[in-house]
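A.B. asks: Below are the sequence and a predicted model; questions follow.
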Amino acid sequence: MTWHALVVFAPLVVMLALAAAIDIRSRRIPNALTGLLALTGLMQSFTAGHTVSPLQSILGLLTGGGLLLALFAIGAVGGGDLKLLAGAGAWLGPKLVFQVFLVEAVLGMIIVLVTCAIHGRIRLLMNNSMLLATNIAHVNHLGTEHVRETGASCRSVDRPLAYAVPIFIATIIILSFGRGGL
């Protein structure tokens with residue numbers, strides 16, 4: 001990442017780091033923080049040193065939120081997680097926020113696998129994952145509420161994943177290697 005890109009994306013990185021720290025501690029991301037992230041992302045798109053154009057900022061916001069909408073509907077992620085990725089999308093645009101989504105999904109999976117391995121719950125994780133995958137495949141017949149209830153009852157770890165952490169790390173990775181500077 002170039003120094004120019006580092007300076008331009010500094011507010012995004014700082015707000016994502018703050019969201020990750022808060023999410024680790026409380027498993028919640030404040031609306032004020034996600035709102036500020038989205039608003040500053042949209043506002044910076046109108047400045048001379050913007051990261052994306054205003055249209056790309058709006059599309060990034062919609063893409064970031066849209067990517068997690070189905071997972072939110074079944075209770076797999078919370079509203080703060082959805083709003084956080086949407087806010088990041090306002091800074092990154094649709095292409096980069098999609099790349100962040102792909103990387104953070106892999107990072108989140110690794111974090112959950114390591115956590116389950118440490119606590120001896122790999123078999124439980126695999127069983128629960130198969131049950132949830134079957135429910136999701138038949139969501140049209142079972143309904144989203146049934147899938148949500150099944151997901152809530154199939155916890156493989158004591159505390160849910162602090163989803164802001166993989167979003168933060170994935171954003172750093174994409175900005176460092178995927179963007180190549182501004």
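C.D. replies: Arrived safely, thanks for sending. Everything numeric here is computed off the predicted structure, so don't read it as measured data.
A.B. asks: so what's the backbone phi/psi at Val77?
C.D. replies: Note on Val77: its backbone torsions stand at phi -130, psi 160 [degrees, to the nearest 10].
A.B. asks: ok, it to Leu16 distance?
C.D. replies: 16 Å (C-beta to C-beta, to the nearest Å). Using the backbone N, CA and C atoms, a C-beta is placed for each residue, glycine as well.
A.B. asks: what does Val8 give?
C.D. replies: Using C-beta to C-beta, Val8 is found at 14 Å from Leu16.
A.B. asks: Which of these two has more residues huddled nearby?
C.D. replies: Leu16 (26 against 20; other C-beta atoms under 10 Å).
A.B. asks: Enumerate every residue touching the more buried one.
C.D. replies: 37, 84, 88, 164, 167-168, 171 (C-beta atoms under 8 Å, 6 or more residues apart in numbering).
A.B. asks: at 7 Å what do you get?
C.D. replies: Neighbour list for Leu16: 88, 164, 167-168, 171 [criterion: C-beta atoms under 7 Å, 6 or more residues apart in numbering].
A.B. asks: Of those residues, which is the most crowded?
C.D. replies: Neighbour max across the contacts of Leu16 (other C-beta under 10 Å) = Ala88, 31 neighbours.
A.B. asks: Show me what the helix or strand where that one lies is packed against.
C.D. replies: Using DSSP states H and E, Ala88 sits in helix 79-118. Judged by 3 or more C-beta pairs under 7 Å, 6 or more residues apart in numbering; DSSP states H and E, helix 79-118 is in contact with helix 3-26, helix 31-44, helix 54-73, helix 164-173.
A.B. asks: average pLDDT across that helix?
C.D. replies: On average, the pLDDT along helix 79-118 is 94.
A.B. asks: what helices or strands is the helix or strand of the chain with the lowest mean pLDDT leaning on?
C.D. replies: Scoring the helices and strands of the chain by mean pLDDT, DSSP states H and E places helix 144-153 at the bottom, with a mean of 72. Helices and strands touching helix 144-153, by 3+ C-beta pairs under 7 Å, 6+ apart, are helix 122-137.
A.B. asks: Now the helix it packs on: buried residues?
C.D. replies: Judged by neighbour count (16 or more other C-beta atoms under 10 Å), helix 122-137 contains these buried residues: 125, 128, 132, 135-136.
A.B. asks: Also compute the angle for it relative to helix 54-73, please.
C.D. replies: 110 degrees (axes from the mean of the first three to the mean of the last three C-alpha atoms, to 10 degrees).
A.B. asks: Need the contact partners of the next helix or strand after helix 122-137.
C.D. replies: Going down the chain from helix 122-137, the next helix or strand is helix 139-142, by DSSP H and E. Identification of contacts with helix 139-142 by C-beta under 7 Å, 6+ apart yields 135, 147.
A.B. asks: That's all I had, so thanks and see you.
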